[in-house]
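Visitor: Task: produce atomic coordinates for the following.
(one chain, ligands or ions: 1)
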Amino acid sequence: MHDHEALPMVPIRSARGVWLQAHDGKRYLDAISSWWVNLFGHAHPRLDAALREQIGTLEHVLLAGFTHTPAIELAERLVALAPNGLTRVQYADNGSSAVEIALKLAFHHCRNRGDAQRTQFIALAGGYHGETLGALSVTDIPLYRETYAPLLLTPLTAASPDASLAEPGESARDVAVRAADALDTLLAEHGASVCALIVEPLVQCAAGMRMHDPEYLRRARAACDRHGVVLIADEIAVGFGRTGTLFACEQAGISPDLMCLSKGLSGGYLPLSAVLATEAIYQSFYDEYTKLRAFLHSHSYTGNALGCRVALEVLNIFRDEPVLARNHALAAHLANAIAPLARHPQVRNLRQTGMIAAFDIVDAHGHAFDWRERRGLHVYRHGLERGVVLRPLGHTIYFMPPYCITPDEIDFMVGVAREGIELAIA
Ligand SMILES: *Cc1c(COP(=O)(O)O)cnc(C)c1O
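Guide: Just a heads-up that it's a prediction; the model follows:
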């Protein structure tokens, strides 16, 4: 709130495509997809129409003892599209809730199969899974976590496979193998007390768009199998085409045991999330009521009909339009647009995975800026002046635009960021 004395919040009146329109008439290119939720742009005609049709038919009904067409169809379609083996869907209404569900399911599944001593989670260094207490427990971002540490579970922390941690001469794959070896060591020591490993496949977004080689996921999958540990893939930010495939796990050719989805699931329209589970996990809960094996977890707005209907239309757009092919072309354009930054003396770790691109700014000696310097704020402020919503994560500048961005708009967005970094490093 103190920041806003100098930098007032921007009141937005309307939005269309990649553009937000403020009350004073100024336009802003939404380069971060309104915090990674938007896929096809604001006020998308098909999503608007689907929602209009659902309003006036059924807005919501409790999902206990009752169900409805959008919830059923969406679950069927998600199962058909998801990595093999994920056959069951539990709905919730935001990403953190989906993570809470996945953590509870993993522990409870182990308990149901007679492994109640498995009470520990493993989370990755730099991981982010939301900010409710359970999700924050498996989040390793000190800024969000430290204040609440006395309230949180203490998971085991495994090394991040982040490619920017490469030692001289090491490839991204080498870092992934090194991190997977460290995970093996952790599991060898603690495996019998661990119920689940939770990862953000391919990109640790909130930590600063830290990207890793898919080899890590293959090895983590194998390690979880060897130790009877549930693998939770948190695809809340990376799902729905963001990384170049519909789901990031596809690039490693793996299936997790639980997969969390939210954000793009409903195209940036409504709060909705889902946890997909394997048949083995589902079956371990399936019993007579009095056996008390059931998963008792509910949210009032679970499986909301409006959210499910708009999510179905998101999947219809993926079905009817060559979204991934178009994204490949846009990602190639974005790669070209940012390429000159690789030669900038105060830019490090230029990186990209599909429709996410990022780089870090450093001081004149090539060292990281102290976080208190808040150099990213200069980029943010300059972006607002020029009409681009850039919201650096500390000293990491990133682009994560809606898929309807044009090549010209990409050039504009990157150009404004380049101006911004000159102000930030000055
Ligand atoms: C945003 C995010 C969450 C939390 O989702 P919310 O809807 O904000 O609670 C969890 N995991 C990842 C990877 C995210 O990016």
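
Visitor: Tell me which residue lies nearest the centroid of the chain.
Guide: Residue closest to the mean C-alpha point of the chain, counted by C-alpha atoms, centre = their mean, is residue 237 at 1.7 Å.

Visitor: just checking, that one touches residue 37?
Guide: No: the pair residue 237 and residue 37 does not pass the contact test of C-beta atoms under 8 Å, sitting 9.1 Å apart. In short, each C-beta sits where N, CA and C put it, glycine included.

Visitor: Now list whatever residues contact both of the two.
Guide: Between them, residue 237 and residue 37 have residue 263 as joint contacts when contacts are counted by C-beta atoms under 8 Å, 6 or more residues apart in numbering.

Visitor: Give me the neighbour count for residue 285.
Guide: 17 (other C-beta atoms under 10 Å).

Visitor: my guess is it contacts residue 293, does it?
Guide: Yes: with the criterion set as C-beta under 8 Å, residue 285 and residue 293 qualify as a contacting pair; they are 5.5 Å apart.

Visitor: shared neighbours, these two?
Guide: Among the neighbours of residue 285, those also in contact with residue 293 (C-beta under 8 Å, 6+ apart) are residue 112.

Visitor: Name whatever forms a beta bridge with residue 88.
Guide: With DSSP bridges as the criterion, residue 88 is bridged to residue 277.

Visitor: what's the pLDDT at it?
Guide: Reading off the per-residue confidence, residue 88 sits at a pLDDT of 98.

Visitor: What of the one 4 residues further on?
Guide: We note a pLDDT of 96 for residue 92 in this prediction.

Visitor: and the protein, which residues reach the ligand?
Guide: Where the chain comes near the ligand, counting by C-beta under 6 Å from any ligand atom, the residues are 94-96, 99, 128-130, 200, 205-206, 234, 236-237, 262.

Visitor: Tell me the bridge partners for residue 352.
Guide: Counting by DSSP bridges, residue 352 is bridged to residue 357.

Visitor: The chain should start at 625 in everything you say after this.
Guide: Sure thing, new numbering starts at 625, so read that last one as residue 976.

Visitor: Show me the contact partners of stretch 988-999.
Guide: Stretch 988-999 is touched from outside by 969-970, 972, 984-987, 1018-1019, 1048-1049, with contacts defined as C-beta under 8 Å, 6+ apart.

Visitor: First residue to last residue on that stretch, what's the distance there?
Guide: In terms of C-alpha to C-alpha, to the nearest Å, the two terminal residues of stretch 988-999 are separated by 13 Å.

Visitor: and the closest residue to the ligand within the stretch 875-1024 of the chain, how many residues sit next to it?
Guide: For the stretch 875-1024 of the chain, the residue closest to the ligand is residue 886, as judged by C-beta to the nearest ligand atom, at 5.1 Å. The number of residues packed around residue 886, counting by other C-beta under 10 Å, is 28.

Visitor: Return the residues in contact with it.
Guide: For residue 886, the contacting residues are 718-719, 722, 860, 895-898, by C-beta under 8 Å, 6+ apart.

Visitor: Show me the helices in this structure, by range?
Guide: For the chain, applying DSSP state H gives helices covering 626-630, 657-660, 669-678, 693-705, 719-736, 757-761, 766-769, 796-814, 839-851, 903-909, 929-944, 947-962, 1000-1010, 1031-1049.

Visitor: State the mean pLDDT of the second one.
Guide: Helix 657-660 carries an average pLDDT of 98.

Visitor: What residues sit buried inside it?
Guide: 657-658, 660 (16 or more other C-beta atoms under 10 Å).

Visitor: got it, and the first one?
Guide: Taking 16+ other C-beta under 10 Å as the basis for neighbour counts, none of the residues of helix 626-630 comes out buried.

Visitor: would you put the C-alpha positions of that helix in PDB?
Guide: Listed next in PDB are the C-alpha coordinates belonging to helix 626-630 (Å, rounded to 0.1, in the frame of the first residue of the first chain):
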ATOM      1  CA  HIS A 626       2.900   2.300   0.700                       C
ATOM      2  CA  ASP A 627       4.200   1.700  -2.900                       C
ATOM      3  CA  HIS A 628       0.800   2.800  -4.200                       C
ATOM      4  CA  GLU A 629       1.300   6.300  -2.800                       C
ATOM      5  CA  ALA A 630       3.800   6.900  -5.500                       C
END
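
Visitor: same for that helix, what does it pack against?
Guide: Other elements packing on helix 626-630 under the criterion 3 or more C-beta pairs under 8 Å, 6 or more residues apart in numbering; DSSP states H and E are absent; no helix or strand qualifies.

Visitor: Which member of the buried residues of helix 657-660 is positioned nearest residue 766?
Guide: Within these, distances to residue 766 taken as C-beta to C-beta reach their minimum at residue 660, with 21.2 Å.
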